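# Provide a 3D model corresponding to the input given below.
(one chain, ligands or ions: 1)
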Amino acid sequence: MIYDYLIVGCGVAGLNAARYIPADKKVLLVCKKSPWQCNTFFAQGGIATAIDESDINSHIDDTLQAGVFQNDIDIVRTMSSHSRQTIDELIDDGMEFDKNPDGSLAYTKEAAHSKSRVLHANGDATGRQLHLFLLKQCRHEIIDNSIVVDILSQDGICYGVELLCDNHIKRVFAHNTILASGGVGSIYQYHTNSTTISGDIQGICVEKGITLADMHLMQFHPTVYVEQTTAQKQLLTEALRGEGAKIVDEDGYAFLRDYHSSAELAPRDIVSRAIFDYIKKTESKIYLDLSNFTKKQFKRRFPNIYHNFVDMGYDLPSDKVPISPAFHYSMGGIKVDKYGLVSDCKNLFAIGEVARTGVHGANRLASNSLLEGLVFSKLVVLQSMKNQFHIDIEKFTNPQKDYILQKPQDKKLKEKLRATMWKHVGIIRNTEDLKETLDKLQQISNLDIGRLLYLRLLVAISIVQEAVANTSSIGAHFIQKKEKR
Ligand SMILES: Cc1cc2nc3c(=O)[nH]c(=O)nc-3n(C[C@H](O)[C@H](O)[C@H](O)COP(=O)(O)OP(=O)(O)OC[C@H]3O[C@@H](n4cnc5c(N)ncnc54)[C@H](O)[C@@H]3O)c2cc1C
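Coordinates of the predicted model:
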């Protein structure tokens with residue numbers, strides 16, 4: 001059987017692509033674990049959109065400023081000018097966003113947006129609501145608990161993937177393959193991402209010689225509660241600061257104003273770096289102070305955060321929450337054109353966080369990623385339907401491989417990888433440590449390890465290689481000279 005479309009990933013990008021593919025097409029979506037184990041499900045703050053025609057230029061400006069003008073302007077324009085219509089299509093199909101008492105859509109403001117233009121659903125559960133909505137809309141087959149372990153490509157044509165499902169390696173063939181497999185969070189010790197997000201597909205691309213770009217550009221979210229034992233850490237959405245929460249030290253001093261005139265509303269790279277620097281200088285613990293909210297307001301506006309923290313023994317908003325920056329989002333990914341087409345390939349597409357469209361530049365503007373997933377998934381499907389590309393399976397001659405996914409020593413090495421990435425390839429980097437890290441990672445990748453760890457290492461190596469090659473401090477991280485001990 002040859003599918004018309006094979007979609008790897010059931011987050012916003014994968015599910016929204018499926019939504020635009022007619023019901024009479026043969027479509028298969030695959031994902032690791034359950035469909036809701038994805039970053040989309042955990043998104044809190046909302047979805048940015050140009051409110052109307054007159055807001056497009058301002059949304060573009062804000063996106064470019066946050067991205068330190070490293071963005072691809074044409075792509076930013078494409079996203080912003082399609083935003084309103086894409087959101088309206090969602091609403092027309094039944095997606096419900098929060099409204100004001102007069103029935104109009106309620107927009108909130110987030111860091112580095114010059115106006116309130118972020119839509120949210122069920123308070124701070126935007127991702128969950130959007131994901132449930134898209135899952136309900138899905139008319140196509142989904143296979144969960146499947147891990148894609150290879151892409152079947154030959155002579156610039158993608159024939160599908162190899163995946164592990166029910167303990168068997170299976171080949172799935174498709175005329176069009178869409179990669180929507182998300183970012184790389186699990187290669188960092190502290191991160192906000194779902195545990196399914198570990199950059200496997202980016203690793204396969206490195207192996208296949210498919211170009212990745214901007215891999216060194218990662219975003220670290222400034223307000224994350226990292227004191228849990230779980231790998232995924234609890235995020236405290238930017239909207240909290242947008243609506244008045246303050247970042248303070250042990251004495252209650254709101255120090256961000258010393259770093260940037262926008263203080264709490266400065267872009268998140270600036271806030272993360274300021275926190276990192278302040279801790280280094282003062283050794284103070286840092287907190288998010290929510291005392292500007294009343295309990296009633298807080299519970300209504302941020303119900304999920306409220307309940308999650310109650311479960312962990314906090315009384316919000318009166319208790320201050322200890323915070324730290326943590327890895328959050330990957331600006332880099334598989335290099336694609338404006339129709340999501342992977343370079344040098346006729347029928348392989350990438351959308352959402354796995355793709356590097358150039359829309360975010362060196363730093364993503366808050367709430368632009370759900371929008372990117374929605375807009376480009378739609379454009380990719382519409383364009384690919386025009387292409388009508390068909391594979392000729394007779395031409396695919398690569399033999400099937402056997403993989404050992406995990407080996408006994410992988411767990412320990414994986415922890416080492418995550419700790420090393422956090423320590424040396426985080427917010428503040430220096431070239432000497434990066435080079436040492438590169439050697440270390442290359443050595444581990446030559447050991448007798450399972451395929452999944454090997455793929456993570458390939459991605460980590462590509463990140464460090466780009467970090468070594470790009471010696472200027474732009475956007476989300478900062479290159480510093482190594483301090484003499
Ligand atoms: C806590 C948190 C809060 C956020 N808040 C916001 C916000 O408010 N607004 C905003 O715009 N953005 C937010 N983001 C970012 C945004 O959620 C993500 O960038 C976006 O959801 C990514 O969507 P996606 O479809 O590309 O990938 P994901 O939603 O991460 O989905 C990836 C899918 O790929 C599958 N997959 C991965 N590897 C494989 C494999 N090897 N084989 C098979 N399947 C695979 C996974 O199982 C999953 O189904 C947030 C992110 C986090 C983590």
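# What's the local residue count around the residue lying closest to Asn387 once chain neighbours are set aside?
Ranked by C-beta to C-beta, 6 or more residues apart in numbering and with sequence neighbours excluded, the top spatial neighbour of Asn387 is Asn347, at 7.5 Å. (Glycine included, C-beta is placed from N, CA and C.) If you count neighbours by other C-beta atoms under 10 Å, Asn347 ends up with 21.
# how close does Asn347 get to the ligand?
19 Å (C-beta to the nearest ligand atom, to the nearest Å).
# Quick check: residues of the stretch 251-400 of the chain near the ligand?
Tyr329, Gly352, Glu353, Val354, Ser367, Asn368, Ser369, Leu370, Gly373 (C-beta under 6 Å from any ligand atom).
# coming back round to it: got the contact list for the residue nearest to Asn387?
Ile157, Cys158, His175, Asn176, Thr177, Ser384, Asn387, Phe389, Ile391 (C-beta atoms under 8 Å, 6 or more residues apart in numbering).
# And these, which is closest to Thr223?
Of all the contacts of Asn347, Thr223 sits closest to Thr177, with 36.9 Å by C-beta to C-beta.
# for the closest one, which residues make a bridge with it?
Leu6, Leu348 (DSSP bridges).
# which residues sit in contact with it?
Per C-beta under 8 Å, 6+ apart, neighbours of Thr177: Tyr5, Leu6, Val8, Ile151, Cys158, Gly160, Val161, Asn347, Leu348, Phe349.
# biggest separation within these, which pair?
Tyr5 and Ile151 (14.9 Å).
# can you pull the contacts of Glu96?
Contacts of Glu96 by C-beta under 8 Å, 6+ apart are Ala121, Gln129, Phe133.
# could you redo the last one with a cut-off of 7 Å?
Ala121 (C-beta atoms under 7 Å, 6 or more residues apart in numbering).
# Going by distance to Ile323, which of the contacts of Thr177 wins?
Val8 (33.6 Å).
# Against Ala180, how distant is the closest one?
Here Val8 is placed at a distance of 6 Å from Ala180 (C-beta to C-beta, to the nearest Å).
# Which one's more surrounded, the two?
When Val8 and Ala180 are compared on other C-beta under 10 Å, the one with more neighbours turns out to be Ala180, at 33 against 28.
# can you give me phi and psi for that one?
phi -140, psi 50 (degrees, to the nearest 10).
# So it versus the ligand, what's the distance?
Here the criterion is C-beta to the nearest ligand atom. By it, Ala180 lies 5 Å from the ligand.
# I figured that residue hits Ile351, correct?
Yes. The criterion here is C-beta atoms under 7 Å, and Ala180 meets it with Ile351 at 5.1 Å.
# quick one: common contacting residues for these two?
Ala13, Ala17.
# And the furthest pair within the contacts of Asn347?
Longest span within the contacts of Asn347, C-beta to C-beta: Ile157 and Ser384, 13.8 Å.
# more neighbours, these two?
Between Ile157 and Ser384, counted using other C-beta under 10 Å, the more crowded position is Ser384 (23 against 16).
# For Ala125, grab the count of nearby residues.
If we define neighbours as other C-beta under 10 Å, then Ala125 has 21 of them.
# Could you give the number of residues near the closest residue to it other than its chain neighbours?
Nearest non-adjacent residue to Ala125, counting by C-beta to C-beta, 6+ apart: Asn304, 5.2 Å away. Neighbour count of Asn304, defined by other C-beta under 10 Å: 17.
# List of residues touching stretch 409-416?
So stretch 409-416 is contacted by Ile444, Ile449, Gly450, Leu453 (C-beta under 7 Å, 6+ apart).
# now the third one: how far from Asn470?
Using C-beta to C-beta, we find Gly450 at a distance of 31 Å from Asn470.
# How many residues are close by Gly160?
So Gly160, with other C-beta under 10 Å, has 27 neighbours.
# mind checking how far the host helix or strand of it is from the chain centre?
Here Gly160 sits within strand 157-165, counting by DSSP states H and E. When C-alpha coordinates are averaged (C-alpha atoms, centre = their mean, to the nearest Å), strand 157-165 and its chain have centres 23 Å apart.
# can I have stretch 184-202 written out in CSV, keeping just the CAs?
C-alpha atoms of stretch 184-202 as CSV (Å, rounded to 0.1, in the frame of the first residue of the first chain):
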residue,chain,number,x,y,z
VAL,A,184,15.0,18.7,20.4
GLY,A,185,14.1,19.4,24.1
SER,A,186,15.1,16.0,25.6
ILE,A,187,18.8,16.5,24.8
TYR,A,188,18.9,19.1,27.5
GLN,A,189,18.9,18.5,31.3
TYR,A,190,16.4,21.2,32.0
HIS,A,191,13.7,21.7,29.5
THR,A,192,9.9,22.3,29.2
ASN,A,193,9.3,19.9,26.4
SER,A,194,7.2,16.7,26.2
THR,A,195,9.4,13.6,26.7
THR,A,196,8.7,12.5,23.1
ILE,A,197,10.6,15.5,21.7
SER,A,198,14.2,14.4,21.3
GLY,A,199,15.3,15.4,17.8
ASP,A,200,15.3,11.9,16.3
ILE,A,201,14.3,13.1,12.9
GLN,A,202,16.8,15.9,12.8
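# Which residue does the stretch 201-350 of the chain have closest to the ligand?
Nearest residue of the stretch 201-350 of the chain to the ligand: Leu235, at 4.0 Å (C-beta to the nearest ligand atom).
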